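A.B. asks: Quick one, structure for this:
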Amino acid sequence: MAPRAVSRHHPIMSLALTPEDIAGLQAWTGRTETLEDTATLAPLRGLAATLDIAAPFEAGSSVPPLWHWLYFLPQAPQSQIGPDGHPRRGGFLPPVPLPRRMWAGGRLVFERPLRVSERVERESTILSVDGKQGRSGTLVFVTVQHRYRAGGDVALTEEHDIVYRDAPQPGAAPAAPQPAPADAAFERQVVPDPVLLFRYSALTFNGHRIHYDRPYVTGVEGYPGLVVHGPLIATLLLDLLRRQQPDAAVRRFEFKALRPLFDIHPFSVCGRPEGAGAFALWARDHEGALAMQARAEVA
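C.D. replies: This next block holds a predicted model:
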């Protein structure tokens, strides 16, 4: 089913899915694709500049944890871009026709760092497609497993959770926020200005208009401001940990997005040790609500 066209002047209309629709989408479970890419130098230097990190990358340097998201970027032709700036539904991922989609979370196991100039193979498999009715309408969850191989070894295994959402009903009350933990051992404030969001979109070749097109995100999708990328928040959480543990090697990382953050307010990335090389990490919005929770294990 093709995604519904939207107008820049009217909110996105909701779209209910039947059990038969969900069953059809579940036919994508088990699909695989294999891609190759090279861990090039330029995007690493670009992200380091964007995050104000002094990192003299060169050939053979380690790719920091989560910075592999600078590679294997979707490169759909301009004619195949949907009204929200994403590639149109279909192809490897199931063609979920719901209007909103977000990177909901993930779980990663780092066996060894990828290195600059390495040729990397990524094998992707759709593990599951599940639908349910939530307070805000229909939800479809898609989980994809990625295995990254370099030099014949599995360097990284990742499970990536994507959620597709119905448009909120007019007048619907937002979900009650969950308070963020108040016992941070370390934290820093982030000001997510439009330039930061644009640069991260450019580095990840992310055309999703909610991150840079203010008339679209406020007038069509109904958000109060530009949406901060979920992967960017996760990257900032691990950057916070790196500032506390500069010599530690991240072995495992998991995160879950709970509430969107916007460019109209600063937010904080926070953390505390949990013992035995484990750290709790989270992002807190300007009102003290929990926006993302995460856990890292280091060696």
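
A.B. asks: quick one, strands of the stretch 101-250 of the chain?
C.D. replies: Counting by DSSP state E, counting those that start in this stretch, residue ranges of the strands within the stretch 101-250 of the chain are 119-134, 137-150, 153-165, 186-190, 250-257.

A.B. asks: quick one: Gly288 and Pro179 touch, right?
C.D. replies: Yes: contact criterion CB atoms under 8 Å: Gly288 and Pro179 qualify, at 6.0 Å. To be clear about C-beta, it is placed using only N, CA and C from the backbone, and glycine gets the same treatment.

A.B. asks: counting contacts, what elements does the helix or strand harbouring Ala280 pack onto?
C.D. replies: Ala280 belongs to strand 278-284 when assigned by DSSP states H and E. Packing contacts for strand 278-284, counted by 3 or more CB pairs under 8 Å, 6 or more residues apart in numbering; DSSP states H and E, involve helix 230-244, strand 267-275, strand 290-298.

A.B. asks: Distance to Ala59, mean neighbour count and mean pLDDT for the ones you listed - can I get that in CSV?
C.D. replies: Shown next, in CSV, are the helices and strands packed on strand 278-284 (distance: least, CB to CB, whole Å; neighbours: other CB atoms under 10 Å; pLDDT from 0 to 100):
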stretch, distance to Ala59, mean neighbour count, mean pLDDT
helix 230-244, 22, 21, 97
strand 267-275, 31, 18, 97
strand 290-298, 26, 21, 98
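
A.B. asks: The residue nearest to Lys256 when sequence neighbours are not counted - how many residues pack around it?
C.D. replies: The shortest distance from Lys256 to any non-neighbouring residue, by CB to CB, 6 or more residues apart in numbering, is to Gly105 (3.9 Å). When neighbours are counted by other CB atoms under 10 Å, Gly105 registers 21.

A.B. asks: wait, what's in contact with Gly105?
C.D. replies: Asp161, Gly230, Glu254, Phe255, Lys256, Ala257 (CB atoms under 8 Å, 6 or more residues apart in numbering).

A.B. asks: Tell me where the model's unsure across the stretch 51-200 of the chain.
C.D. replies: 136, 169-172 (pLDDT under 70).

A.B. asks: at 80 what do you get?
C.D. replies: For the stretch 51-200 of the chain, applying pLDDT under 80 flags the ranges 89-90, 134-137, 167-175.

A.B. asks: Quick check: Ile210 vs Phe255, distance?
C.D. replies: Ile210 is 19 Å from Phe255, where distance means CB to CB, to the nearest Å.

A.B. asks: same check, this time on Ser201
C.D. replies: Going from Ser201 to Phe255 by CB to CB gives 20 Å.

A.B. asks: what's the answer for Val269, then?
C.D. replies: Using CB to CB, we find Val269 at a distance of 11 Å from Phe255.

A.B. asks: repeat for Gly106
C.D. replies: 6 Å.

A.B. asks: Now for those two: what residues contact both?
C.D. replies: Both Gly106 and Phe255 are in contact with Ala234, where contact means CB under 8 Å, 6+ apart.

A.B. asks: Those two: who's more crowded?
C.D. replies: A direct count of neighbours by other CB under 10 Å for Gly106 and Phe255 places Phe255 higher, at 27 against 23.

A.B. asks: need the contact list for that one.
C.D. replies: Per CB under 8 Å, 6+ apart, neighbours of Phe255: Gly105, Gly106, Ala234, Leu237, Leu281, Met292, Gln293, Ala294, Arg295.

A.B. asks: Repeat the analysis, applying 10 Å as the threshold.
C.D. replies: 66, 103-108, 161, 230-231, 233-234, 237-238, 281-283, 292-296 (CB atoms under 10 Å, 6 or more residues apart in numbering).

A.B. asks: Any idea what the residue nearest to Lys256 is bridged to?
C.D. replies: Using DSSP bridges, the bridge partners assigned to Gly105 are Asp161, Lys256.

A.B. asks: Against Gly46, how distant is it?
C.D. replies: Counting by CB to CB, the gap from Gly105 to Gly46 is 25 Å.

A.B. asks: can you check Lys256 too?
C.D. replies: Look at Lys256 and Gly46: by CB to CB, they are 27 Å apart.
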